[in-house]
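# Prediction below, plus the sequence it came from.
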Amino acid sequence: MATDFHVLTGGTSGMGLHVAKELAKLPNAHVIVGARKPDQARALRSSVPAEKLTVFTLDLDATASVLLFAESVKKATSDGQLSTIICNAGLQLTGDKVMATSNIERTFMVNVLAHVLLVDLLLPDLKSGASVVTVGSGTHNPADKIAKLFGFRGAYFPSAKQVASGDLGATGKPQQLNMDRYATSKLGAIYQALHLSYEIANGTGSFYAFDPGLMPGTALARDRSAMERFGWKYIMPVLRYLVPGVSSSELSAKALVQHCILRPQHPAGSYIEFTGKLAPRSELSENKDNAAELMSQCRALLESGH
């Protein structure tokens, strides 16, 4: 029986690690994980049987690394087709604005542009009925109560070019502006799934955006202060028992596999939350013209070499 290959852009910690574990349980599954430092992926290697796991180097800060990763995936899957691509790796910065290149802000590079490139490269390798999942966030939605509680004010979309450069037209302190960029990058993930769902309507794959909910304890707060990291890791996880919209890495991983891969119940292009229901979303996130503009800008940047 043919092998089902599942590709994750991150699986060494957090939700990605638990997604890898869930996928490895499936019959005939082989999980391919991108890792910045494969030799340090000890938790992943101890969680997934060696015969069902391949780890390749992937640095989403560099398109050259994405190209090499995609080529490695193609070679490794020459005797089978891809069943799943999950764009789950993400970055949230603090401090001053950081540019990945002269005209591409780093959050956008890692959370959006690198994933657009990878999916476009691997589209020909998808098997019929495959799932492609991008990871959104309630932070994109200015009406999201939990996101507002943590200081997020929603995504901005002045233009695709400005989003790529990180110049959103907003004002505020550097940390606030980086939070805005993160929220906007999650809007970009939603746009990617939305656009591909109607751009590629030949049954090659089903494209979904997934909202894992707030997942305290993950590595997302690694650039925050020591006090913030302590609260995020040890105090905030208790909220999942008390507050709707708060989840955990394990719960969200199981939900992603269940509702976006094994038994999807919503149309392609949907934005699905960890409960299996359609996720609350902003009106901005449903704008197909913006989605097309963003994807066009991403592809133009990639074709030009940035």
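That came in fine, so what should we check first?

# Surely Q265 and K277 touch.
No: contact status for Q265 versus K277: not in contact, 9.5 Å apart, counting by C-beta atoms under 8 Å. Quick note: C-beta positions are derived from backbone N, CA and C, even for glycine.

# Give me the common contacts of these two.
Common contacts of Q265 and K277 (C-beta atoms under 8 Å, 6 or more residues apart in numbering): none found.

# tell me the strands in the chain, going along the chain?
Assigned by DSSP state E, the chain shows strands spanning 4-8, 29-35, 53-57, 82-87, 126-135, 205-211, 271-273.

# Just send these back as CSV, with mean pLDDT and distance to G169 too.
Shown next, in CSV, are the strands of the chain (pLDDT from 0 to 100; distance: least, C-beta to C-beta, whole Å):
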stretch, mean pLDDT, distance to G169
strand 4-8, 97, 34
strand 29-35, 97, 33
strand 53-57, 98, 36
strand 82-87, 97, 26
strand 126-135, 94, 24
strand 205-211, 94, 24
strand 271-273, 97, 24
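
# In JSON lines: those, plus distance to L251 and mean neighbour count.
Output for the strands of the chain, formatted as JSON lines (distance: least, C-beta to C-beta, whole Å; neighbours: other C-beta atoms under 10 Å):
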{"stretch": "strand 4-8", "distance to L251": "17", "mean neighbour count": "26"}
{"stretch": "strand 29-35", "distance to L251": "19", "mean neighbour count": "24"}
{"stretch": "strand 53-57", "distance to L251": "23", "mean neighbour count": "18"}
{"stretch": "strand 82-87", "distance to L251": "16", "mean neighbour count": "26"}
{"stretch": "strand 126-135", "distance to L251": "15", "mean neighbour count": "21"}
{"stretch": "strand 205-211", "distance to L251": "13", "mean neighbour count": "27"}
{"stretch": "strand 271-273", "distance to L251": "11", "mean neighbour count": "22"}
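
# would you turn these into JSON lines with distance to S252?
Output for the strands of the chain, formatted as JSON lines (distance: least, C-beta to C-beta, whole Å):
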{"stretch": "strand 4-8", "distance to S252": "14"}
{"stretch": "strand 29-35", "distance to S252": "17"}
{"stretch": "strand 53-57", "distance to S252": "21"}
{"stretch": "strand 82-87", "distance to S252": "12"}
{"stretch": "strand 126-135", "distance to S252": "9"}
{"stretch": "strand 205-211", "distance to S252": "8"}
{"stretch": "strand 271-273", "distance to S252": "9"}
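
# Please identify which of those strands is closest to K254.
Among the strands of the chain, the nearest to K254 by C-beta to C-beta is strand 205-211 (11.9 Å).

# I appreciate the help and will end here.
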